[in-house]
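Participant: 3D, please:
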Amino acid sequence: MRKEPYFTNENRETKTAEWKEILSKYYSSKKKFAFTMENSALLIIDMQEYFLNSNSYAFIPASKAIIEPILRLKKAFEKNNKGVFFTQYGLQPVIDDSSMMHRWWKKTLSTKDSMFEISSEMNADEKSVYFKSTYDIFETTSLALNLDKQGITKLVITGVATHLCCEAIARSAFDLGFEVYLPIDCMATSTEEFHLNSLKAASNGFGIPITSEEILEKAK
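Facilitator: Sure, this is the predicted structure:
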């Protein structure tokens, strides 16, 4: 499968509008949830060198175009004293052959690899980073408990990859009782087909399609 630079800084506005129109057909019959900053938190998924660095085997070309809007959301959440949390993916150096991530992908990211680090552009606070060794973050960490303790009921999910970690985490968040908001210009994956199909499924069943600009309007 050939990876596509389907989302760029140049076409971001046009693509976002196009996707918004398409996804409205999948979400239009659902009850309308109105995003507010109250009781909300931002989750930034796996924005690591492994996926953002063009020299990496797992590089996602479209990831470059989501950095700016994610950083704008991060700044807005911090300004409003709302939680910003990161996830970081990797497998231990001695890889257990029984791990499904290892068995499925063969090439896997070691926690000792330089590509393991979250991109410095994200300026992640180490205390807000949750480590995971598979797609989902909730099953093996205290993130859900910590969100609950802080009274958070709404999660804005951003990062990579749309149809893998982002989708898995969005599904889990929904099952845990969170309102899930998916800024469609703040997620990326290897192809537009994967990206859009994942968002169609989410819009139909567990996630609210929104744009970063719509969220920022509520953050003023």
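
Participant: Okay, strands next: where are they in this structure?
Facilitator: Ranges of strands in the chain, per DSSP state E, are 40-45, 83-89, 129-132, 154-160, 179-183, 187-188, 208-210.

Participant: Buried deepest among those, which one?
Facilitator: strand 187-188 (a mean of 28; mean count of other Cβ atoms under 10 Å). Yep, even glycine has a C-beta here, placed from its N, CA and C like the rest.

Participant: Describe which strands that strand pairs with in its sheet and in which direction.
Facilitator: Using DSSP bridges, the strands paired with strand 187-188 are strand 154-160 (parallel).

Participant: counting residues per helix, which one in this structure is longest?
Facilitator: helix 12-27 (DSSP state H).

Participant: how far out from the middle of the chain is it?
Facilitator: 18 Å (Cα atoms, centre = their mean, to the nearest Å).

Participant: Equivalent analysis for stretch 44-53, please.
Facilitator: On Cα atoms, centre = their mean, the centre of stretch 44-53 falls 10 Å from that of its chain.

Participant: Now that stretch: average pLDDT?
Facilitator: If you average the pLDDT over stretch 44-53, you get 98.

Participant: Mind listing what's buried along that stretch?
Facilitator: By neighbour count with 16 or more other Cβ atoms under 10 Å, stretch 44-53 contains the buried residues Ile44, Ile45, Asp46, Met47, Gln48, Glu49, Tyr50, Phe51, Leu52, Asn53.

Participant: Which of those sits closest to Ala168?
Facilitator: Ile45 (9.5 Å; Cβ to Cβ).

Participant: which residues of this protein score low on pLDDT?
Facilitator: Along the chain, segments meeting pLDDT under 70 span 94-97.
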